[in-house]
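Chemist: The sequence and its predicted three-dimensional model are supplied below.
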Amino acid sequence: MALLIKGALVEYGSDFLGPLPNVILFQFNPETLTRNIQIPPRPNGSAARETTQAGELSIEKITLKAEFTAADGLNTNNPLARTMGVGPRLAALEKMVHPSNIIGGVIGAALSAIGGALGIGGGGSTGGRQRIPRENYPLILFIWGPFRVLPVNIESMSITEQQYDFLLNPVRAEVNIGLAVKEADIGPPDVIAQGALKYSSAAKEAQAIANLANTIDQVVDMIPF
């Protein structure tokens, strides 16, 4: 049986549950994935130094539809599927666009208190630091096979709940997701995003070179001199 690699969205670098990332594996890989390369207009007038001068960097946007069902879990009497359907997966997805850490904060506070009691750090002191009532965009990687690992922002998410159990938990859902690949140099330094972009860019260049090697004979035949 062939190995099926599942696509995923991974939220990292948050304080959701300490070092543990928030991971969404696509239950079924979307059958289609649309990539839109938005090319900014080239400079013109006095801003253009030469006719071949490029404008700002192109922006890649990705749209896909993820499908989730609790059918397998219900058939095997899985307790989570029985009590919540696909609710936990939808909640994990929504956390990527609605940052919240109520439970994680309670757990973190408890661990900090235990550490303080044992004399290994922690405790209730904030060390003079003040909380700023501002949320940052979650740091997210879109993983699609071995050659595409991209840092992205989630720009849109539309959830369609299609069936419910007797507790009105959704047991089937479709989620349309819009992503924008972000540049690693925008915002604070992010070595994971930088590494992902370099890796994916190198993989794309390697594929382009492989295509050239595969078509070099045809290219030579096309040149009339």
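Modeler: Sure, I can see it. Residues are numbered from 1 along each chain as shown.
Chemist: Is residue 11 bridged to anything, and to what?
Modeler: Here residue 11 sits in beta bridges with residue 22, residue 140, going by DSSP bridges.
Chemist: right, and it touches residue 94 too?
Modeler: No. In this structure, residue 11 is not within contact of residue 94 by C-beta atoms under 8 Å, at 11.3 Å. For the C-beta atoms, the positions are set from N, CA and C on the backbone; glycine is no exception.
Chemist: measure stretch 32-44 end to end?
Modeler: 37 Å (C-alpha to C-alpha, to the nearest Å).
Chemist: Show me what the helix ranked longest in the chain is packed up against.
Modeler: Looking across the chain with DSSP state H, the single longest helix is helix 191-222. Identification of packing neighbours for helix 191-222 by 3 or more C-beta pairs under 8 Å, 6 or more residues apart in numbering; DSSP states H and E yields strand 139-143, strand 149-164.
Chemist: Point out the most buried one among the ones you listed.
Modeler: strand 139-143 (a mean of 20; mean count of other C-beta atoms under 10 Å).
Chemist: Would you mind writing the CA trace of that one as PDB?
Modeler: Extracted C-alpha coordinates of strand 139-143, given in PDB (Å, rounded to 0.1, in the frame of the first residue of the first chain):
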ATOM      1  CA  LEU A 139       3.000  31.700  13.400                       C
ATOM      2  CA  ILE A 140       1.800  29.100  11.000                       C
ATOM      3  CA  LEU A 141       3.500  26.700   8.600                       C
ATOM      4  CA  PHE A 142       1.600  25.200   5.600                       C
ATOM      5  CA  ILE A 143       3.000  21.700   4.900                       C
END
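Chemist: That strand packs against which elements?
Modeler: strand 8-12, strand 149-164, helix 191-222.
Chemist: partner strands of the second one, parallel or antiparallel?
Modeler: Next to strand 149-164 in the sheet, as set by DSSP bridges, lie strand 139-143 (antiparallel), strand 170-181 (antiparallel).
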